[in-house]
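Visitor: missing the sequence, but the structure's below:
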Ligand SMILES: Nc1ncnc2c1ncn2[C@@H]1O[C@H](COP(=O)(O)OP(=O)(O)O)[C@@H](O)[C@H]1O
Ligand SMILES: Nc1ncnc2c1ncn2[C@@H]1O[C@H](COP(=O)(O)OP(=O)(O)O)[C@@H](O)[C@H]1O
């Protein structure tokens, strides 16, 4: 298991930045969840916002494994958290295939259950849960998804 | 409400004898229950035996109201507890009509539910719950039911 | 003694607390009869908070059981019977007339 | 994640704990499918110990609901849904596909 922690977990509360790198497998998700929950609490987010961050990050990482890598065990997942006075910033990096976030349609809401197509709510949730989402790709640094949660967000 | 306590309830733990007199009404039963439970605990009975005493006394008092007095509010019920090193003695007194304990048949056990006649287990229970039961009647002192629970009874 | 009745799709849950003796048994009887009179014969009696029960209470349960089981239309099930109450019921052979469950959900789920 | 299934007369209660995410949702799917494959379509999902649920878990519940409701043969009911999970389900309009109960006994009793 690849696990690189730039700053030990116990230091997370005084750190300005902390990074966790894990194999792109679903079993890494609880570890990444724990890591961002700690960071979100350290940033002073309330428990509702902490859950929002945990959910958005989980959906994003699951998408990376499913869509960017196209399966488990293909490449690593890197999660970097950093915080500023008023916000928590989470950066997810992978080296899978790039995508166009603008091309992902929002899911239909309010349809009958039989009309629901499985999939297609993860990205919508990420946008709803976070205050800001940015995506960029370069061949050198791969896919970079930046998600920002304001401390005083509603 | 007639309530005569020869020794205050808080003294019950050092008392050798304590008496409670209440109107012969069903609403007196919880008070008598509380009184004998305290006495049984003070006597050092285990919780199983304490429950046995509470149940036997409740059945006996209920019978006095139902059968000796033939109804509620006719006469008083007196409950005297006293304890000796190895046993708790409970004496119930009433001035209703006397009865012959020998003439009360034991209930049938193991019959089908439809063959069960309502009533007729209270006296059986009293005998089962206590180690000894004595009954006497004199016109001066009325009906006296003495029930004894040994501390080391099984 | 407080008595509550919760009506579920297939059964009613009756819950009482404290002492069931000659003074409170009629209250229990009334509650159980109100269910039977409504044509409902599947009853769960949640006894988790019943600390004492004299034979007057038992007769109420026996009469209810008879009415419920008539025409095989139902049954009263007892839940979380205090061990002292259970022992005294068994002493006179009355424990055998009732199914006893330790779990309320399981009792409701049995109907 | 641990999953238990308790079979009652009219319904099955499924209980899971911890996180339901992409790694554990398949386990939940398997448990729910095993009930449906046994020809039982009335399911209570006790979520009192589920602390996290991603959309992968929700899809499992949606697919289960579709199968259970087909031919009006049943339904999956959710019990004690953590408020965070409930909020996120509602955010995408998925909360409306499920009855949610706060009490396990009431959910079992509703079948
Ligand atoms: N990290 C990613 N890399 C490549 N494609 C993605 C990524 N995230 C999302 N997508 C595309 O957007 C679609 C919608 O994603 P999402 O809303 O998360 O739902 P789901 O993953 O359940 O399909 C996906 O089916 C996929 O085509
Ligand atoms: N204290 C009493 N005074 C007069 N008769 C009594 C007394 N206790 C019991 N009996 C008689 O014995 C019968 C059986 O009593 P018991 O076993 O307690 O059942 P129940 O009171 O339910 O009938 C009563 O029906 C009554 O005829």
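Guide: Cool, the structure landed. These numbers come from a predicted model, not from an experiment. Ligands and ions are numbered 1, 2, ... in the order given.
Visitor: list the beta-bridge partners for the nearest residue to residue A:17 once chain neighbours are set aside.
Guide: Closest residue in space to residue A:17, ignoring its immediate chain neighbours: residue A:82 at 4.0 Å, by C-beta to C-beta, 6 or more residues apart in numbering or on different chains. C-beta here means a position set from N, CA and C on the backbone, and glycine is covered the same way. With beta bridges defined as DSSP bridges, residue A:82 has these partners: residue A:17, residue A:89.
Visitor: which secondary structure elements does the one helix or strand residue C:5 maps to contact?
Guide: Per DSSP states H and E, residue C:5 falls inside strand C:3-7. Contacts defined by 3 or more C-beta pairs under 8 Å, 6 or more residues apart in numbering or on different chains; DSSP states H and E place strand C:3-7 against strand C:12-20, helix C:25-37.
Visitor: could you rerun that using 6 Å?
Guide: If you count contacts as 3 or more C-beta pairs under 6 Å, 6 or more residues apart in numbering or on different chains; DSSP states H and E, strand C:3-7 packs onto strand C:12-20.
Visitor: and the angle from the helix of greatest length in chain A to helix D:25-37?
Guide: In chain A, taking DSSP state H as the definition, the longest helix is helix A:47-63. Helix A:47-63 and helix D:25-37 meet at an angle of 90 degrees, taking axes from the mean of the first three to the mean of the last three C-alpha atoms, to 10 degrees as the criterion.
Visitor: contacts for helix A:47-63, please.
Guide: Residues from elsewhere that reach helix A:47-63, judged by C-beta atoms under 6 Å, 6 or more residues apart in numbering or on different chains: A:29, A:32-33, A:36-37, A:40-41, A:77, A:92, A:122, A:125-126, A:129-130, A:145, A:147, A:149, D:21-22, D:54, D:84, D:88.
Visitor: off-centre distance for it?
Guide: 6 Å (C-alpha atoms, centre = their mean, to the nearest Å).
Visitor: what are the buried residues along that helix?
Guide: Neighbour counts using 16 or more other C-beta atoms under 10 Å in any protein chain shown place A:49-63 of helix A:47-63 among the buried residues.
Visitor: please report how far the residue nearest to the spatial centre of chain A lies from residue A:79.
Guide: The centroid of chain A falls nearest to residue A:57 when counting by C-alpha atoms, centre = their mean (2.6 Å). Distance, residue A:57 to residue A:79, using C-beta to C-beta, to the nearest Å: 7 Å.
Visitor: near chain B, which residues of chain C? Just list them.
Guide: Residues of chain C found near chain B, taking C-beta under 6 Å from any C-beta of the partner chain as the criterion, are C:19, C:21-23, C:54-55, C:59, C:62, C:84, C:88, C:91-93, C:97.
Visitor: quick check: PyMOL command selecting the buried ones in those.
Guide: The PyMOL command for the buried members of the residues of chain C next to chain B (criterion: 16+ other C-beta under 10 Å) is given here:
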select buried, chain C and resi 19+21+22+23+54+55+59+62+84+88+91+92+97
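Visitor: apart from its chain neighbours, what residue comes closest to residue A:53?
Guide: residue A:40 (4.5 Å).
Visitor: list the contacts of the one you found.
Guide: Contacts here follow C-beta under 6 Å, 6+ apart; on that basis residue A:40 touches A:50, A:53, A:88.
Visitor: what is the burial count for the last one?
Guide: Here the neighbour count serves as a burial measure; for residue A:88 (other C-beta atoms under 10 Å in any protein chain shown) it reads 26.
Visitor: pLDDT score assigned to the closest residue to it other than its chain neighbours?
Guide: Here the nearest residue to residue A:88 in space, its sequence neighbours aside, is residue A:43; by C-beta to C-beta, 6+ apart that works out to 4.2 Å. Note for residue A:43: predicted pLDDT of 90.
Visitor: so how far is residue B:149 from residue A:43?
Guide: 66 Å.
Visitor: do residue C:15 as well
Guide: Taken as C-beta to C-beta, the span from residue C:15 to residue B:149 is 32 Å.
Visitor: now residue A:122
Guide: With C-beta to C-beta as the criterion, residue A:122 and residue B:149 are 70 Å apart.
Visitor: residue A:95 too?
Guide: Taking C-beta to C-beta, one finds residue A:95 at 82 Å from residue B:149.
Visitor: and what of residue A:85?
Guide: Taking C-beta to C-beta, one finds residue A:85 at 74 Å from residue B:149.
Visitor: isn't residue A:109 up against residue D:93?
Guide: Yes. Assessed by C-beta atoms under 6 Å, residue A:109 is found in contact with residue D:93 at 3.7 Å.
Visitor: if we can go back for a sec, of residue A:95 and residue B:149, which one has the most company?
Guide: residue B:149 (23 against 18).
Visitor: in what helix or strand does the more buried one lie?
Guide: Assigned by DSSP H and E, residue B:149 falls in strand B:142-150.
Visitor: with adjacent residues omitted, what lies nearest to residue C:41?
Guide: Using C-beta to C-beta, 6+ apart, the closest residue to residue C:41 is residue C:74 (2.8 Å).
Visitor: just to check, that neighbour is in contact with residue C:40?
Guide: No. At 7.5 Å, residue C:74 and residue C:40 do not qualify as touching, with contact defined as C-beta under 6 Å.
Visitor: tell me where chain C has helices.
Guide: Under DSSP H, chain C gives helices at C:25-37, C:55-69, C:83-91, C:104-109.
Visitor: most tightly surrounded among those helices?
Guide: Neighbour counts (mean count of other C-beta atoms under 10 Å in any protein chain shown) averaged over each of the helices of chain C peak at helix C:104-109, with a mean of 24.
Visitor: can you list contacts of it?
Guide: By C-beta under 6 Å, 6+ apart, helix C:104-109 touches C:44, C:46, C:77, C:79, C:101, D:8, D:104, D:105, D:108, D:109.
Visitor: just those now: which is nearest residue A:104?
Guide: Residue A:104 lies nearest to residue D:104 out of the contacts of helix C:104-109, by C-beta to C-beta, at 38.3 Å.
Visitor: could you measure from residue A:39 over to residue D:6?
Guide: For residue A:39 relative to residue D:6 (C-beta to C-beta), the value is 38 Å.
Visitor: with residue A:84 instead?
Guide: 49 Å.
Visitor: show me what contacts residue A:77?
Guide: The contact partners of residue A:77, by C-beta under 6 Å, 6+ apart, come to A:22, A:24, A:61, A:64, A:94.
Visitor: the last one pairs with what?
Guide: The residues paired with residue A:94 through beta bridges, assigned by DSSP bridges, are residue A:143.
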